[in-house]
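> got a predicted structure here, sequence first:
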Amino acid sequence: MADLQAIVDEIHEKLTPRLGEGKVADYIPQLAHVDPKRFGMAIIDVEGRVFKAGDADVPFSIQSISKVFTLTLALGKHGETTWNRVGREPSGSAFNSIVQLEHEEGKPRNPFINAGAIAVSDLVLAGHTPREAIGEIVRFVRYLADDETIAIDPDVAKSEQATGYRNFALANFMRSFNKLTHPVEHVLGVYFHHCALAMTCTQLAKSGLFLAASGRNPLTGHTVVSKQRARRINALMLTCGHYDGSGDFAYRVGLPGKSGVGGGILAVAPGRASVAVWSPGLNHNGNSLIGSLALEMLATRTGWSVF
Ligand code: DON
């Protein structure tokens, strides 16, 4: 078997001179303060072994990576009827795009673009107050990672609430098609808070391990989802997890993955490992530039591509 610690160390060393490349997201003011030279990477294999480098234990804003967890929760609550509210096709558009919604009657293309994740927040809200729904999401992520210390960064949530004009536009537009069942403010309250979850690469890799191990977290023994559902979530991550950069990520890395504008990426090597990387500089699609390179190097060295 490949020496994963040596591979992670080598990736870290090779990418160190390039840290700072890309553009840190600044449309959420609180994210603009992050040091662009940060780099963390953590791999947890299905036997529970952990391999890490750099800032793997420094918390960062996971942003859109949280959409994997809210989708998993919504599927648990609503099963296949989830797909009445959100599609399963790549959008080929930016993460915050509004154009397709008009032609497609307020039904977002997939659960990972902002509009789709807002629809999923509406589904998670069912039968709850926003506070309860947010609590449920935090408890779910703590259960996945087996780590009670995971929390939401309230300043990031507030910062986005204050400046999230696009997301308000998306949610109001969907509401105009009767595609949201709760008040826009409640739905977005849930959405902004789950995007503001702060996690380390190690915590994130742990929380994604169930997707690498057919739905069961091998660290805790908990069956989170069925084998079929894990496979399906992975399929969505592969086709839609990097927005209009999903094709490029599949081409270069070949693993299901989900990015966030905080610079994190969670990638899943089915049957092998869960991997989290963090480097705040983004490429033009809003995905971590150095993080994508790190995963490309990992896939090349390990042969873990699903293709
Ligand atoms: O809604 C937003 O704009 C952010 N909370 C999340 C966006 C995001 O992470 C897109 N990812 N690349």
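Great, that's in hand.
> burial of Tyr165, as a residue count?
10 (other Cβ atoms under 10 Å). Every residue, glycine included, has its C-beta placed from N, CA and C.
> residue contacts, whatever residue of the stretch 101-250 of the chain ends up closest to the ligand?
Distances between the stretch 101-250 of the chain and the ligand by Cβ to the nearest ligand atom are smallest at Cys195, namely 3.5 Å. Contact partners of Cys195, counting by Cβ atoms under 8 Å, 6 or more residues apart in numbering, are Ser61, Ile62, Gln63, Ser64, Ser66, Val156, Ala157, Glu160, Gly260.
> now, of these, which are buried?
With burial judged by 16 or more other Cβ atoms under 10 Å, the buried subset of these is Ser61, Ile62, Gln63, Ser64, Ser66, Val156, Ala157, Glu160, Gly260.
> among the contacts of Cys195, which ones are in strands?
Judged by DSSP state E, the contacts of Cys195 include Ser61 as members of strands.
> with distance to the ligand and pLDDT added, can I get the contacts of Cys195 in a markdown table?
As requested, the contacts of Cys195 are exported to a markdown table (distance: Cβ to the nearest ligand atom, whole Å; pLDDT from 0 to 100):
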| residue | distance to the ligand | pLDDT |
| --- | --- | --- |
| Ser61 | 8 | 98 |
| Ile62 | 8 | 98 |
| Gln63 | 3 | 98 |
| Ser64 | 3 | 98 |
| Ser66 | 8 | 98 |
| Val156 | 9 | 97 |
| Ala157 | 9 | 97 |
| Glu160 | 6 | 95 |
| Gly260 | 4 | 98 |
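> before we move on, the earlier item: and the residue of the stretch 101-250 of the chain closest to the ligand, what's its pLDDT?
Per-residue pLDDT puts Cys195 at 98.
> and what of the one 10 residues further on?
According to the prediction, Ala205 has pLDDT 98.
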